[in-house]
Structures are given as C-alpha cells and as structure tokens.
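Visitor: A structural model of the following input is requested.
(chains A and B)
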Amino acid sequence: MTNSHLVHVMQSVMKTVLLALLLTGFSAMTALAQTTPAPRQSQPVALVGGTIHTLAGEAIENGTILFEDGIITAIGVDIALPEGTLTEDVTGRHIYPGLIDGWSQLGLFEIGAVDMTVDVNEQGPVNPNVMAERAFHPESRHIAVARSAGILTAVSSPGGGLVSGQSAAMALDGWAWDEMTVRARVAMMVNWPNPNNARAYSGQVDELRAAFADARAYKQAFDAAVAGNAVRPGFDSRWHAMMEVFDRDQPVVVSANEVRAMQDAITWASEENIRIILLGGRDAHLITDHLRETDTPVLITSVQASPSRWWESYHAWYELPRQLHEAGVTFAIVGTSSAANANRLPFEAGTAAAFGLPLDEALKSLTVYPAQILGLDDVIGSLEPGKHASLMITDGNPVEYATQVLQVYVRGRKSDMNDAHKELYQRYLQKVQEYQGE
Amino acid sequence: MKSNHAHRSTGSSPVYTGILLFLLAMLPLVLPGGLAAQSQTSPVDGMHSNTPAVHAFTNATIVTAPGTTLTNATLVIRNGMIEAVGRNARIPADARVWDMQGQTLYPGFIDAHSHLGQREPRVELDRGNASWNPQLRAHLNASAEFNSEDDGRETLRKAGFTAAASVPTLGLFRGQTAVFSLNDGAPADRLIADGIAQSISLAQSREFGFTYPTSPIGVIALIRQTLYDAAWHRDAHQAYRRTPAGLTRPEHNAVLAAMEDAVSGRQPVVFDVRSDEELLRALRIAEEFGLPNPWIKGSGYEYRIADYLKSQSVSLILPLTLPAKPDIETPEDALNVSLAELRHWYLAPENAFRLSAEGVQFAFTAEGLDNPADILHNLRHMVHAGLDARTALAALTTQPASMLGIAATHGTLETGKSASFFVADGDIFVPGTRIMDVWTEGTRHVVNRNPVHNPAGVWAVSASDDRINGELQLTESRSGRFSGKLVRDGEEIELMNVAYDDDTRRLRADFLHEEGGSSTMIRLTASLTDNQLRGWGERSGEARMQFQARRTGAGAQPEARTTEMMARTLTLPNIRPAMEYGRERLPEQPRHVLVRNATVWTMGPQGILENADLLVREGRVVEVGQSLRAPRNATVIDAEGKHVTPGLIDAHLHSGVTGVNEVGNAITAEVRMRDVLNIHNIWMYRQLAGGLTTAHVMHGSANAIGGQNVTLKMRWGGLSHDLPLDGARRTIKFALGENPKRVGTDRYPNTRMGVEQIIADRFRMAEDYRSAREAWERDQAGIPPRRDLRLDALVDILEGNLDVHSHSYRQDEILMLMRLADDMGFRVASFHHSLEAFKVAPELAERGIGAVVWSDWGGFKIEAYDNTNYNARLLHEAGVVTSLHSDDSQIATRMNWEAAKLVRTGVDREVALSMVTSRTAELLGIQDRVGSLEPGKDADFVIWNGDPLSTMTIPEQTWVDGRRYFDIREDAELRRAVERERADLIRLIMEAGND
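Guide: Sure, this is the predicted structure:
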C-alpha cells in the first residue's frame, strides 16, 4: 500500500516535472518510470512443481528449476536444493524461457510522431560506429509492457541509412543500460537498397560496397601495423567499428524483403566473406534452396501482415514461417518496428502456428532460434544450467492470446509485473468506483 | 543626351515615325496565319480566291454509311457539299475528275469528345460574376474560348477525322461544348454546332491549387451542391422577377445561369470519367438529379460493367487509347504486376466489342492519343478483338453525328451532306491500309501520297567521266527508302546517302572512289523522268562532271511490311471485381442452409450453444437450436467440432474508397463516403477470409466535422452501389485533437479550443438555416432558401437522423464534445480510438455514449501516449457499450484475434467477441440486421475451425446474406486459377512483340 502510494506520489511529481520540461522546450523523453527494477537475486530460487519447457529437450512435468545469482544451476525432477533456497510452488503452471525480440527498438523509441523521443536513425548513410545500448532509455514505459508479456530480452537496433550501427541484446529489467546489456555489438545493421527503385538501386549497392571496401582497407592497414609491418593508420571511428565484421566475429543483419535484394545481399556477403542474417524476408519462400545452402538465416518481421501483391494469398505472410521451416531454412520471428507494440511479439508466432508452423517451432522461433542466430545461445534462448535465469511462469502457451503471464524473472530478478497499462487501469478504476458509489 | 532622347520620343519626331513605320512593315509577317482565318464576314485582303470547287471521284469504292458500300461508284461534290453519289452519278462538265481506282472513300470520322482548340485555357477568371469556386466554369463556351493555333486538327485529320466535338478542359463544370469542322479557317466558319452539352469532370483541376474540393468525395459533393444551386438560382430569379419589391436580390451567378438548361433536362450533360467506378458515380449523379440520358466519356474500363450498362440510359463515348504493356521485363518485375493490370492489358481491346455484344451503343473519341498512327492502329486492334467493323465505323460516324445533333449534315456520304470524307488505299480495318487524302468540306488535305516515279531499277550510265560510267543498281529497301551500288568494270561500289524526293523527282547518292591508293568522295545528283536520269556530279577538289542514265531493268517491289496481330487465344470471362479473386457471379443463395453440430456463439439471448444447428432461409436466420430438421433440398453443412459466430463487424475502416479525407474545409459534413466506394479492393476479399462481413467505412480525421460514413457489407462480386447495408443508421465523422489542428498552416482551428468553437459555430448556423427553411415551408413567401448540403447534415444531426462518431484521443476533448452535444441537444453515438476514454468512462456511461477502441495500439503520437490495453475492459466494467475497431485494412482481416487479446486483459470471452459483433452493431445502429444470430437477422456468419478466440483458429467459411462469399477450399482453387491466368497473360505479353 505504501509502496503503491509512493509510486503515485512519484508519478504526480514527475508529471509536474515533465510538464515543466515540455513547457520549457525540453524533450518529452523524460517519461514516467512505471516500475522499479527488481533487486538482484540474493538467494537461490527454486520454482517447484510446474511444467518446465526448457526448449532444450522434452518438457519436464512436475519439475524444479533452480537458479542462483541470476544463473540457472539445475533443472530436473528431484533436485537437491542448497540451504537458504527460496522455494516457490508453481504446480499447474508452465515455465518457459523468456522471449527474445530479435529486432527491436525498445529503449530507443518512445513516441513515434515526436522526433525528440526517437533515437533510431543517425545522420548520414554510414554509421557503423553507433551502438544501441549507449542510448537505451531504461525508463521507457514500453519496456515494462513488453516484459509483462514475457519478452525478457530485446535486441535493440539502430536503423536508417545504409549501415545503421550496432545492435545490442538488452535484458528488460535493471537500473541503467550498462547493467541491462546482455551483450553489446550483437550485429552490424545494414539496409539493403530497394531494387524496385530501379534507377537508384545499382548506385546504392555500389555505395555500400565502397563503404565495406574502405573499411576492409582500414583493417588491412591496422593489422599490418599490429604485425609491425606498417605505421598505425590514423584512427577512423567508422571503419574501426567494422573490424570484427571481417573476422566473421560479428554478423551483419541485412534488411531485405524482395527476392532480388535478398539474393544480391547473399552474393555480396559471400564476396565480402562476412556472415549475414537477413531481416524481413518477405520473398524468402521463393529462394529457400539458396538460403539453406548458403546457411543464411532469416529474421522474419511482422507475420501478422498481408502481402502487397494482390495476387498473393491473404495468408502468404502468415505461412512464411511454415514454408521456411519445411524447407529447412533457419529463421526466427522478430518484432515490429514500434517499441510500443513490442508486446505483440508472441502473437506473431501464434499466427505462424495457426497457419501450419508446429507449435513448438513457433515457441523456438521466439527463443532458441533468435538466440542461436544472433550468437546469444550461450546465455539465453533455452532453460539449461549455466544460462541466464530469464524465464516466465504462465498458465499456458505464451503464444496463445488468452494465456496469462504470471511472473517473470530477468536474470534472476523477480520483476515487477506492473506496467503503465495496468497502472492506468488501476488508477481509473478508482474513478469509476468513486462515480458508481455516488 | 538622355533627356534629349526622352523629349524626342514623346513627340511625332522623325525617329518615332520611323519606328511606327517599321512596326507597320512588320505586320504582314505576322498576318498570314490570320489571313487564313478570314471568315465569311471578313473583308478581303488582296486578291480574292475562287478556285473551282467541283470534284468528281470516279471508279471508287464508296462506303456511304456504315454497312453500305458501293463499288465502282462516283462521288460528286460542289462547294463543300455532296452533289451526287452512286454508281451512275453524272460527272458534271465543270468537275475536276479524280480517278479513285483501287481507293475507298469513307465518311469523315467525327470525334465525340476532343479537346480541339482548348489548349492553354485561361486559368484565372478574375472578372465578372463568376462563381466562388474556380472549378466551376459552366459559363465558358468551347466556341468562344476556341484557339485555332495548333488546335490539334491536323493530328485528327491524319487519322480520317473531319469534325470533332470540342470540350473545355479545366474545372469540374467545364463549360459548353461545341462541334467544329477540322477544315482550316476561322473558328466562326468551322463551328458546326454550339452549346451542345454541358461538360462535367469527376476530377478537379490541379491548376487551381489545393483548395476545396481536394478529393473525389469533395468533388461529388460540390457537383451535387452546384446542381442544387443551379436549380435554386433559376427558381430564386423567377420569384424575384415576379415581385422584386422588398426582396433581397438573389445573386446573379453566370455559372449557375449557364446551367439552367442542363438542370432543367433541356441540355445534355457530358461527364468525363477515369474509371468504371467513376462512370457509375456519374450515372448515380444523373439519376439523383434526373438528368436524362447522360453522355459519358469513358476510360476504357467500361467492359467491366457492360452487363450493368445495358440496362442504363446512357450515351457512351469510348476512348481509342489502349494500355501499355505491363512491365514484365524481369521475372521480379512480373512478380509485382497484378492480375488486374495484366487482364486489363488483354481485355482493353475488347472493350467496345463486349459493350456492343450487350447492345450498348457508343461513339469513339481519339482523346488521349497524340499520334494519328495510334488511332487507326488501336481501332484495328479493337476490330481484331471482335468488334464488328460496321459498329466500329458507326462509332466514328453516324453515332457521334446523331449524339452531337449534326446527323443532317455529317456522318454519311449522301447528297446534300458535307463533303467531309477521306480516301484510303483499301479497307481501313486491314493493317497496312493508309489514309491518302482527307477532304474537309470540299478541301483536300494530303496525308499520304503514292510516289509518281520510283528510281528503283537498273540504270546504264553514260558520262563524260569514266569514274561514274557503269551500271547503277537502285533498290527500294522499304517504302520511300533506297539503297544501291555502282557496278563499274566488274567492281561493286556501295552507294551512300541515297535519297529520292518524289515531289521534285530528285535523286541523290554519293560513293567513294579509290584511285592511286587514296579515296575521294564523288557526289551525284539527278533529275528523274520516267526512265531517264539527267544529272551531274562533283568530285571533291576537282572539276564537275555530267551524266545521264537509262533504265534497263525494273526494280523489285519492296516487301510489304505485314503487321501480325497477336493471336487472341485466351478467353477471359468478365469477373467482378476485375482483379485477383474476382467472381463471374455472386455466390448463389440457397433457399435453405442448415449448419449442424457446431458450437454456436449466437451473441444474442441464447448465448453460446454447444452441438447446435443454425437454420437459414433466403438469407435470413430462421432459428438456432438443437437437432433442427433440414428442409427439403437444404444445403447442409456438418460443422462438428467447429464454431459458428455472427459475421464480424469492424466499426472503423477506410478501405474500399477512393480517398478518405476532404481537407478543403474544416467542416465537410456534406461529403459522403458512399459516393466513392471502389470495389477494386483486395482487402475486401482478405477481410472476408478473416470472417469480416460488415464494416463502417469512415471519412478521415482531418476535419472537426468530417464527412458522412457508410456501413457496408462485404459483398465481394457486387457493384459499389450493391455494398451499402440498407437501413443502417446514417453516421457522420467528427474529429478532435491533433489531426484537425494540424491540417494546413493557416486553417482554423489551430487549438483544441478552436475545434470546440468551430463545431459550435456551425451548429448555430445550422439552427438559423433550419429556421429559415421552416419559415419558407410555412409561408412559401419570397425567395426560396438555398439548399445547403453542409448545413442539411448538421440539421440532420440536431434532429437525431445522423449519428455522430467522433475520432478522439484525450479525455479533455472527449468530455468537451459530450458537453457541447449536451448544450446543442444532439447525441454522440460513440468516440472512436478514444485511447483515454477509460478516464471518462463514468461520463460516457451516464450518457449512453459508446466507445470504439483498439485492443492494443498506442505510443505513435503524443495524444496517443497514455494508452492502456485495459481500455476496453475498464470501459465495459463502467457500463459503456464498447466495441473494437481496426482503422486498418490488415487488422480488419483478423478482428477475432483483436477480441482475443482482450481476454488476456481479463475481459470475459463472450463479451470480448461481442465487441466485434453485437456491441459493434448496436453502436452503429444496425443491430436489427446483423451482429447476432437470431431469428429474422441477416444470415451473416462464420464457420471457424475452432474456438474463435484462440491463436490457432482460422475461418473456413464466411457467409453474407446467406451466400458463401469465402470458402477456404474455394480460395485454394481460386489462387491456382489466379496463378494460371497470370502465367498465361505474361506468356502472351512476351510473345506479343512490339505491336
């Protein structure tokens, strides 16, 4: 009670502050903090009696999952619990790994039409050096909304231009971006030019090639200097940021939807000997052999959408995940561009399931697969000892609309399940009750 | 020096006079164009002309009228008129005789809808008593505005035209059309008929800037208002003329006065439309205003509605344009081409044929074609595609002549009619046939000429110079183009720059002469008479030479270029809409349908029934219950394990209309979305596939008071006027907050305060307007009040005949409109979007105002930031009738999932589904017809493969009016058919070559 009262007072104060800031021309980015970060895990926690969907193997009925210091230490049926373990009975509940939004603008995007609240597109076409986590706004109210829907990691990504910058995997609970960063520099974001813009297309592809050629030349000079064969080149922030790409250490996420864009991007990547992941992939069903044989994974954006070509089926995009699954193409399902709608991610996978993707594959496309594709599978994506204790307790499959997400743990933190939506509901319920009481 | 000059030029100094004389001397240089334009009343300058104008065309094939051909006949013309025509016509002794052996004479073509002489029209009409809106130009006359300079007559003449209707080009009401001869001369002499029709365009002209109307809805509203105004203008002046004393003088508006004949049905109206949908809109306007037999200049898409047009009284004018080949250069390009575009490419040549097959009459126009060759080329394609040649000819002669009222003088070759015809070297419908001469009112215009001589052949050269002695071999590579060589001592030397001009009979050719290791150019030129060439030449740097040559052998005829027309191997049925997944006919309506053993969500008092049956008769629900008996011959569907719900309803959609906002004014209550429905809307099919059967299609949110919405059913396969749900409550869109504020930089309102005030202000106007009308109804005295469609709508709101549905976000603005409505005495039916409706839920509940919300949208703008996915839940709990909406064509394809999301926020399952069915119907005022499965209601229902609120569920069948409009199995077949047809058409395009 006191806690919630405090929140109210805080909000009222902050609202006044916000208004003052707005009136004096400051950015509206200073949004309300809806929830307070949960404290770090301080004692072992065991969730006992639930069905554990580890997604690393068969589901474990009536199992126990134990985690300490934010890391899973044991999963099984009969597990010895260390002394001082906090035990929670979750009989009849389901435990799933936290969902991963493999392409998100959470923390970078607040209000679409208010530029000052959006930190996605840096100036100019080539920005490999900008890093998403550095601008990640932990107080964004969209974060708690996504978290209470079970999305516990967001790969926040810059956009715009040709080379947009570097994405970062962010845990959706914590005080500030440094401690929330699961992994920085997850991928280099590239926008493949639009081939339907026939006049500009070749020129734009050339521009992209040239940027990579310059970056490669920089790396060659830099490596030569390290080997003692040359003088160290003058520092170039842009090309320096791209060195890991050429070692194939850092993947390049290339947004491409049209068949030409996808094929041209794959060919480009093989010439550059870099590792790419396609983002979008609308026409991916036309070139499944090419994708599979070149080991090119696809991050499918917004399944709940319809094709722009009239002749294509009304469910062409609903069934794309099934088609890729059946063709043996590696894929994940990722979010829409608006952080305000990040909570819809599980439903996108649900729609894929309705149109033929096996239900367990639908779940993996939000967990195991994005983790594998983006190189995060050592820490998240499935429930296994040694991985982060980022998980949710539900009353059913999280891709089902009616399912309730009852509690989430983010790296062992037992998160506040409140969010702006629920808070507004609670607040104005009081008004309704007051008026109805009259 | 300077002042001196200034002083001198003010008087009649020698210098000044000199300048004047110089200017006068310049005049004749300017005049020749003007001289040609002398009319019958002009004084004669210089010598007058009286060249005999009597001609006899003998041995001709004469098409005197479509379907009537005389062979070996004679046509005699005198002074621009036909004196005689026939096999035995006497050749007058004073006639110049033209041997027409092998030639065919046709009546001159008449273009029923050209823009002849209307190039560069005046944009500004800033003088006189014109109308307030620059798009209204009905008082202009094509004849008075006519400009002969580069008027387009030569292009038309080259294609066989001799007369054309001239239609002004600018504005919505564009003015009076006139018919002109394509003869040279002054407009006054060329004018055949004046004031023959009032022209109305369904597209506003951009020349007048971005002002009202900015959209197709606004265009139709302004046309409608102007037609009312014209009738009012007439009546008001009649009343004023009777007793002017004591009356305010009605405005004298030249535009409205000019339309008096048209609105009284005494003058035809010619509509100019750009699509089949616009054509239907024009017909609806004509019907609404009782304009008899409108003329409509079409778009080439009329074949799509041929079956409908046959029952309409309309005179069509069809364009001779044909669409360009769709871009399928690469397979990726082909992916992006729609079946609609592919089909239209193939079917456009069949347009006229399909209409004539339905008995629809039409004339043609060459409007839109700048190349005369394309006119005949396209006409032949149309005949090749099935159009009867006689009908084609009639559409260019007798049909336009009778429409335009000039049949007494034009259209056929009969004694007494205008000597306006053309000469072709064969049947004009045969590719390769050329138009040789066009005669306009007795004046000849040469279009093509057969050469009198031809230099092709073998020529023996004898010359003073051995270097050109030998044999010239000239060949005609194609008509009028020559090449050749000089054979000299067994050596063949290629000729260069070979050219022959038949007008002057002059031949030119060059060749390179090799001698002593160096080469020089020898240039020849010669004059041709029959079989002799007399010429001379020049060798660079040396003396000139002379030569002559004698023809010793004939030249080969150039190979006739035959243009092979594409074999029309495909028979494409007419489908509606004419695009992907269109249908040949509406799905049948079985007399009885019985759906058995389903879980039926009745959304009525019966609730959810397990193992239940739904019985439908002639499109209406008869009963829902257990173990119903199947009537004889009923269509029985076993739905065991499946769920049945009412068809879903979307309370807020913008798909299937041409344009959403009329932004030309902050108050646009007069515009109506039902005016601009467009069935070529793939979303309708996709929405059916998602179980949607009814949608409230709304005006946009640009204006504080927007337009009137339309509630329609997803009758995929119907025409646009088949879609509205009859008997639905009339509704109108209001909009509050950011959107109406931010339209334009100088448009009122600019604040939420202003939004309130402008709404209130217009309602005050409407009250005064209503009083004035009531006084007139009572007393019938004085000048009748003008009918104002904008204020009419507001009066309808005040009287409870038009429901307000308002776009809104913030609680303050929601509360504002509620209070304003309380004060003005009208009711708001619902607030849409209303992201903050939950903050004023008690106030809404108290007034019985509904809320139409999203399940989970927000964050896209500042007024949408305080959103909660619990909005619907809290509203419902507070007793507000709440519905979901999509405001998005895609979301409208899956409204059950939108409802399902509410279950996650704690809304009861049946309540959640009611927010896309029964509660939506209640808010839209259509609950007597749809929204639940109860006896007597429309048989609009969906059969789902499971629980409609589950992620895993998809619709299998969607029924509207007891007709199965979507079936998941049929969809798979249709998709295969679409793919097949696309493949066939793409193959044809690849084979078609460049013709």
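Visitor: contacts, neighbours, all on C-alpha from now
Guide: Will do.
Visitor: what distance separates the helix of greatest length in chain A from the middle of the whole chain?
Guide: Ranked by residue count under DSSP state H, the longest helix found in chain A is helix A:198-226. Distance of helix A:198-226 from the chain centroid (CA atoms, centre = their mean, to the nearest Å) equals 28 Å.
Visitor: same check, this time on stretch B:891-903
Guide: Distance of stretch B:891-903 from its chain centroid, counting by CA atoms, centre = their mean, is 38 Å.
Visitor: what about that stretch, near chain A?
Guide: Yes. For stretch B:891-903, a contact with chain A is found by CA under 8 Å from any CA of the partner chain, at B:897, B:900-901, B:903.
Visitor: just those: which are in strands?
Guide: Judged by DSSP state E, the residues of stretch B:891-903 next to chain A include no members of strands.
Visitor: show the buried residues in those.
Guide: B:897, B:900-901, B:903 (16 or more other CA atoms under 10 Å in any protein chain shown).
Visitor: same list (those residues) but as CSV, adding pLDDT.
Guide: Listed next are these as CSV, based on pLDDT from 0 to 100:
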residue, pLDDT
B:897, 97
B:900, 98
B:901, 98
B:903, 97
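Visitor: tabulate those residues (TSV), appending distance to residue B:656.
Guide: Listed next are those as TSV, based on distance: CA to CA, whole Å:
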residue	distance to residue B:656
B:897	22
B:900	26
B:901	26
B:903	30
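Visitor: ok, these vs residue A:278, which is closest?
Guide: residue B:897 (28.4 Å; CA to CA).
Visitor: got a list of what residue B:836 touches?
Guide: B:809-811, B:866-867, B:871 (CA atoms under 8 Å, 6 or more residues apart in numbering or on different chains).
Visitor: the same query, at a cut-off of 10 Å, please.
Guide: For residue B:836, the contacting residues are A:424, B:808-814, B:853, B:863-868, B:871, by CA atoms under 10 Å, 6 or more residues apart in numbering or on different chains.
Visitor: looking at chain A, which helix or strand is least sure?
Guide: Least confident helix or strand of chain A, by mean pLDDT, DSSP states H and E, is helix A:2-23 with a mean of 45.
Visitor: now, the contacts of residue B:836 that are in strands?
Guide: Among the contacts of residue B:836, the subset assigned to strands under DSSP E consists of B:808, B:853.
Visitor: before we move on, the earlier item: filter the buried ones among the residues of stretch B:891-903 next to chain A down to the ones in helices?
Guide: If you go by DSSP H, these have B:897, B:900-901, B:903 in helices.
Visitor: below-threshold pLDDT in the chain: ranges please.
Guide: All of this refers to chain A. Residue ranges of chain A with pLDDT under 70: A:1-34, A:337, A:438.
Visitor: let me rephrase: I mean chain B.
Guide: Applying pLDDT under 70 to chain B flags residues B:1-38, B:558-563, B:994-995.
Visitor: mind doing that once more with 80?
Guide: B:1-39, B:478-479, B:540-543, B:555-564, B:744-745, B:993-995 (pLDDT under 80).
Visitor: so what are the domain limits for it?
Guide: B:117-143+B:172-386, B:457-554, B:575-647+B:931-995, B:649-726, B:738-928 (automatic domain parsing).
Visitor: thinking again about what came up before, buried residues, the longest helix of chain A. List them.
Guide: Quick answer for helix A:198-226 (16+ other CA under 10 Å): A:201, A:204-205, A:207-208, A:211-212, A:215-216, A:218-219, A:221-223.
Visitor: what does stretch B:331-348 give?
Guide: For stretch B:331-348, by 16+ other CA under 10 Å, it's B:334, B:337-348.
Visitor: which of the residues you listed are close to chain A?
Guide: B:337-340 (CA under 10 Å from any CA of the partner chain).
Visitor: mind putting the residues you listed into a markdown table with secondary structure?
Guide: Putting these into a markdown table (DSSP: H, G, I helix; E, B strand; the rest coil) gives the following:
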| residue | secondary structure |
| --- | --- |
| B:337 | coil |
| B:338 | coil |
| B:339 | helix |
| B:340 | helix |
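Visitor: which elements pack onto the longest strand along chain A?
Guide: Identified as the longest strand of chain A according to DSSP E is strand A:181-191. Applying 3 or more CA pairs under 10 Å, 6 or more residues apart in numbering or on different chains; DSSP states H and E, one finds that strand A:181-191 makes contact with strand A:151-156, strand A:163-171, helix A:243-246, strand A:252-256, strand A:276-280.
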